[in-house]
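In: Got a sequence here, can you model it:
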Amino acid sequence: MIREFGHGVALFLRGFRMWATSPKLMLLGAVPAFIVGILVLTVFVVITANLDALALWVTPFAAEWDEPWRALTRLAAGIALFLVLVLLAVSTFTALTLAIGDPFYERIWLAVEARLGGFQAVDDLGFWASLRRGTVAGLRLLVPSVALGLALFAIGFIPVVGGVVALVLGALIGGRLLAVELLARPLDGRGLDGRAQKALRRAAGARVGGFGTSAYLLFLLPLGAVFAMPAAVAGSAVLARELVEQRGLDGEAARDA
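Out: Just a heads-up that it's a prediction; the model follows:
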């Protein structure tokens, strides 16, 4: 499992090779990431600057408590809120970037497939259809991220270990959600429906987790996220190919899996 997780990390890092071999294409993919990144970072900074007020607002029940319990409760609330903001910032960045940049990211993963050979996309969505697909994918990522954020907020109140547990779970589960959406494009291109894609991801869960978690962690860095987004798309094309070949599936066989 550890080796598989590490292999997933390596596949994510492999996507950065495209910056050396196709810099213009990757720069094109970085444009929507840069625009969205600036917007998300601005909102994140503004909200974080008011974190104390938010912690006070969500803990009215502690207003009459004696010290140090009141202060400790509000400190835990502040930490939990910060972790939730981090998760939602990464998810919002990814969702909006996928929605805006899907037509560009489609070019990136198709370029990867062309280099590896032996692949023919089942259809060509076109610009507007690709844009709609990106929007749907973004919403599909945000909804579970909000639910996860609420769970992490509750976990953050656990004394001593709550913040650490919430941080680890956010990276692992949030990364998994990222991987699902990044893999959807190259797997859709093979005509795989949601059930077949889920089966492929489940068969290589640790590898998918390593890929998504490493992407999640790098997305925490504002500038890193800009350069990592197109690299993650490139890496997801390689990962998707591995998942399909691991099952010995392609074309009709893949769709029937």
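In: how far away is Leu243 from Gln197?
Out: 9 Å (CB to CB, to the nearest Å). No exception for glycine: its C-beta is placed from N, CA and C like everyone else's.
In: which residues do the two both contact?
Out: Shared contacts of Leu243 and Gln197 (CB atoms under 8 Å, 6 or more residues apart in numbering): Leu183, Leu187.
In: More neighbours: the two, which one.
Out: Shown here are Leu243 and Gln197; by other CB atoms under 10 Å, Leu243 has more neighbours (24 against 20).
In: leaving aside the residues next to it on the chain, what's closest to that one?
Out: Leu200 (4.3 Å; CB to CB, 6 or more residues apart in numbering).
In: Can you tell me the SS state at the one you found?
Out: At Leu200 the chain is in helix, as set by DSSP: H, G, I helix; E, B strand; the rest coil.
In: Is it in contact with Arg190, as I believe?
Out: No. Contact criterion CB atoms under 8 Å: Leu200 and Arg190 do not qualify, at 9.9 Å.
In: Give me the common contacts of these two.
Out: Common contacts of Leu200 and Arg190 (CB under 8 Å, 6+ apart): Val244.
In: Which stretches in this structure count as helices?
Out: With helices called from DSSP state H, the chain shows them at 2-14, 17-21, 23-49, 51-57, 69-116, 127-155, 162-188, 194-203, 205-219, 222-246, 251-255.
In: Give me the buried stretch members for the first one, please.
Out: Counting neighbours by 16 or more other CB atoms under 10 Å, one finds that the buried residues in helix 2-14 are Phe5, His7, Gly8, Val9, Leu11, Phe12, Arg14.
In: quick one, what contacts the first one?
Out: Counting by CB under 8 Å, 6+ apart, Phe5 touches Ala206, Arg207, Gly209, Gly210, Thr213.
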